[in-house]
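> starting from these lines, generate the structure:
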Amino acid sequence: MVRTARANVAILATLLSLTLDVAYGLVDLKFGSILPLSYAGLADLSADIQLALDLALSDYNTRVFNPLNVNVSIVYADSQFTPAVAKSYARQFASQGLLGVIGEMGSGVTQPIALELADREILQCSGSATSEDLSLKQYRYFFRTIPPDSVQGFVLGQIVDTFGWKKLGLIYQDTAYGKGIMTNLRAHAAATDITVLTNQPYVNADDYEDAVKALKASDARIIVWTGVYAELVDIVPIARRHGLFGPNYVWIATENAISAIDAIRSRIATGASSADDLASLSGLLISTPVEGQGSRFDNFSASYSSTYHNSMGQYSAFFVDCLSIMLDGLTKYQNTSNSTWNDIAQGKFPRDLTVLLKPVDGLTGLTGPIHFNTNFDRIGSYKVLNFHQGDLTKIGETVDETYNVQRNNNTVIFASGTPVVPADRPVLVPDWFEYGHAVSVIIMILYGAMMAINFASLVIVFLWRRRKEVKALSPEFMIIMGLGMQLSYGAVFTLIGEQTTVKCMARPWLYGISFAIVMGCLIGKAFRIWKVFANERLAAPIRFLQILRLAGAFSIGESIILLVWSIYSPLSPLMVANKEKGTFTYVCVSPEQSDVFNGVIFGYNGLLLLAATYLAAVTRNVPSRYSESKFIALTVYSLLIWCTLIIVVSYSAGAATTLVFFIITFGVLFVTTTTWALLIGRVILSQLTNDPADEIASLPSTPKLMRQNAVGAGEAFKSASQLPMSANSSTKIPSPLASQMLRGDISEFPVKITSSWISRWERYELIFTLVPVARLALRPVASDKEGGRSYCVDISKVQATKANVKGVKNCFEIVAPGITLLVQATSEEQVQDWLRRMKQAGCLRGEDSTGRTSSAPGQGGGSINRADVETKGGKDISSADVLGK
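As a prediction, the model looks like this:
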């Protein structure tokens, strides 16, 4: 290095000067200097200090001492920044009788030197060792011209206080110097409620990466560093790679950062550092002792620049003041005593710092007025600098001995390029939708519309509750389920906006009670169908209150779980930050046993859902009268799929709070609306769109049959009068069999059209009549007309036989052209009765076809119009046409 080479030249010049002085017989006042001249991180600074000392020494000899026949000399030693090496030089200097030692730069190396020199009562001064340990009395011959760490740590704390920061991250050199400053900073932080997020000392370059990673992990935004400037040069690119510079970060450093800036500038020219490294330090705040002020400093600085063609290095002025205080103290002692310079050169002077330095207290040195406290620590002043766009700007300074930082009128510019003070924690934005957000407005409109539609449908169901079709579907259950759905719709308002304790606990109550009400009603309705569907007991009644009690029990169970949860460990909001996205949100958690209660509530509702799923599966193909079962099944399947999806996404989405919000809001909207549509909406729609023309037309004689309201399987009845004969029919007296069959016969049966691949059991009315032709008609009962079809079969083409169907009792099969039916009767007797009737009707048809002369279909003008005995708009089933729906 250039400065090191110059220092070597200065050493040679000093030795030559000493030789000449001895030759001329001058009194030689010998001093020593121990500096880390070869240590990579401090060699340049050490060379600057040596040059400054030589320049000051030359000035003193010329102006003051040479006229007195006295020469002052300094012997330099390289400590290599190693305590053992430095201590050996201290021992050597002591044996040579040197009057004083200037050095070392680092506190950790200065301390063993001070202990070694204390035994020989040799003065020692440092211009950069700031460890608070050096204030102890065991170092009674040590003093310094730079304030101690206790002051530096306090000033750093004052900077933090000035900008109102309350969270810090610390990274520093693990030496007496670094630890001393940070110990005092932490003490200040503890006294002012400042939180130190992480404390990262490092020993050498191998530790930089881990220390920086720890800073990153701590999420500290205000980072304080202290150490050797060369360390900061190496740390900057590592910290930049980990994203610890930029508008959201502020670095605060001790005075060594000034040298680091100069070093990075020099390294940019050689490619060792990048311009981005220097730019990263923009916004840096530096606490530094006031190093140069006053006319004496200005003159000396100008002389230094003209002599060495370079600016004076950092700490040089402090070390020059060390030399000045020693020489001025000895001069005052020589002037006020009978001692000669020769006596002083032989070490005959008081070594007590109180006697030697008190007379020079207040001396104006290169660093300003010099005052010492009782421990001979410098009472100095600090200034605060702001680095921006390559310039250092003074933004404040300490006031008297309190060291409180006072800002000046200069504007602080941070890394953002603005004076806006960065926050001491991540600048997080809320990750939720407020009520005024467009998304929230749309969601509230959708939910509000469905709440209004649901409420209106409940009013309509109440008004239509006595209608046969509505009454058959239990309007009471529909109203109860609708009210439960209102709770589910209303829960969306707890998802929007910031989460509070009330919202957190209200949501499981609303969703839980809503789910229990709907599932309880579905289980009740499905259970009733399942009970009825037990074939031999199709007509077994189950009262509404029985089912209501069953459904209510499920809601009570849900309420008990929620009540215990609310009392023992209620949900409350907990802030969760997403550092990558720079957002935060609140999640609802229980302070105790949150997972337990979640598991209990999910388990309970899961059992309800499984029970409903089972009942829906076993009743999906019940007869037509109970066709509501298929809609119950669809509802349960929808709930099963969407509830599973919502739970899985909510627990697996992690930080994707927006995704969870959309899944829950639209999932709940979809499944609740689907439930409403399948269980309530379709009933309203079917009543509003009911078309009387779609009803199956009755046979001419049907109105006279005076049909009763059959409720059981195969519950047959007969009319009270005979079917009338046509006016154009034969006057032949019918046979006894014909006379018996003239009575119309209508019965309701569970019927399954097995010739269809989508067949299922439905309730059909079976009607057969003799005149004008023997026919068997099938039509769905009134409540099932939406899903069934009507058929008209020529009974002479029908084959009826007893059928053995696994799991179904009392069945007979009807086979006709294009269709095959399974019919279930209530008993074996009824099966045999219907088989006999259809056989007799077939025989009667054969008899009528041979015995009549004018009544056969299509026989002359005396025949009855065939259309009169067919279903409205229908044709003979033999043509494979279905009569209608």
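> so what's the residue count around residue 466?
8 (other Cβ atoms under 10 Å). Just so you know, the C-beta spots here come from the backbone N, C-alpha and C atoms, and that holds for glycine as well.
> how close does it get to residue 472?
11 Å (Cβ to Cβ, to the nearest Å).
> same thing with residue 439?
Going from residue 439 to residue 472 by Cβ to Cβ gives 42 Å.
> next one: residue 204
Residue 204 is 87 Å from residue 472, by Cβ to Cβ.
> so which of the two has more stuff around it?
residue 472 (15 against 9).
> could I get the phi/psi values of the more buried one?
phi -60, psi -20 (degrees, to the nearest 10).
> repeat that for the one 3 residues further on.
The phi and psi torsions at residue 475 (degrees, to the nearest 10) take the values phi -60, psi -30.
> you'd agree it is up against residue 464?
Yes: Residue 475 is within contact range of residue 464, at 7.4 Å (criterion: Cβ atoms under 8 Å).
> which one of the two has more residues nearby?
Neighbours were tallied for residue 475 and for residue 464 using other Cβ under 10 Å; the higher tally belongs to residue 475 (21 against 15).
> got a pLDDT number for the residue lying closest to the more buried one once chain neighbours are set aside?
Among residues not flanking residue 475 along the chain, residue 465 sits closest, at 4.1 Å (Cβ to Cβ, 6 or more residues apart in numbering). With respect to pLDDT, residue 465 scores 86.
> quick check: residue 465 touching residue 471?
Yes: in this structure residue 465 lies within contact range of residue 471 using Cβ under 8 Å: 6.4 Å.
> now do the strands in the stretch 701-850 of the chain.
Taking DSSP state E, counting those that start in this stretch as the test, the strands found in the stretch 701-850 of the chain are 715-718, 745-753, 761-769, 775-780, 791-794, 799-805, 808-816, 819-824.
> no, scratch that, I was asking about the stretch 351-500 of the chain
Under DSSP E, counting those that start in this stretch, the stretch 351-500 of the chain gives strands at 364-365, 368-369, 371-372, 378-379, 382-388, 391-399, 404-407, 429-430.
> and the third one, how far out from the chain's middle?
Between the centre of strand 371-372 and the centre of its host chain there is 56 Å, according to Cα atoms, centre = their mean, to the nearest Å.
> other SSEs contacting that strand?
Using 3 or more Cβ pairs under 8 Å, 6 or more residues apart in numbering; DSSP states H and E, the elements in contact with strand 371-372 are strand 378-379.
> rerun at 10 Å
In this structure, strand 371-372 makes packing contacts with helix 353-357, strand 378-379, judged by 3 or more Cβ pairs under 10 Å, 6 or more residues apart in numbering; DSSP states H and E.
> deepest-packed of these, please.
strand 378-379 (a mean of 18; mean count of other Cβ atoms under 10 Å).
> sheet-wise, list the partners of that one with their directions.
With DSSP bridges as the test, strand 378-379 is paired with strand 371-372 (antiparallel).
> tell me the domain boundaries of the protein?
2-146+315-380, 149-291+384-407, 438-559+605-688, 696-879 (automatic domain parsing).
> just give the number of residues close to residue 175.
Using other Cβ under 10 Å, residue 175 is surrounded by 19 other residues.
> what does the pLDDT read for it?
pLDDT, read off for residue 175, is 88.
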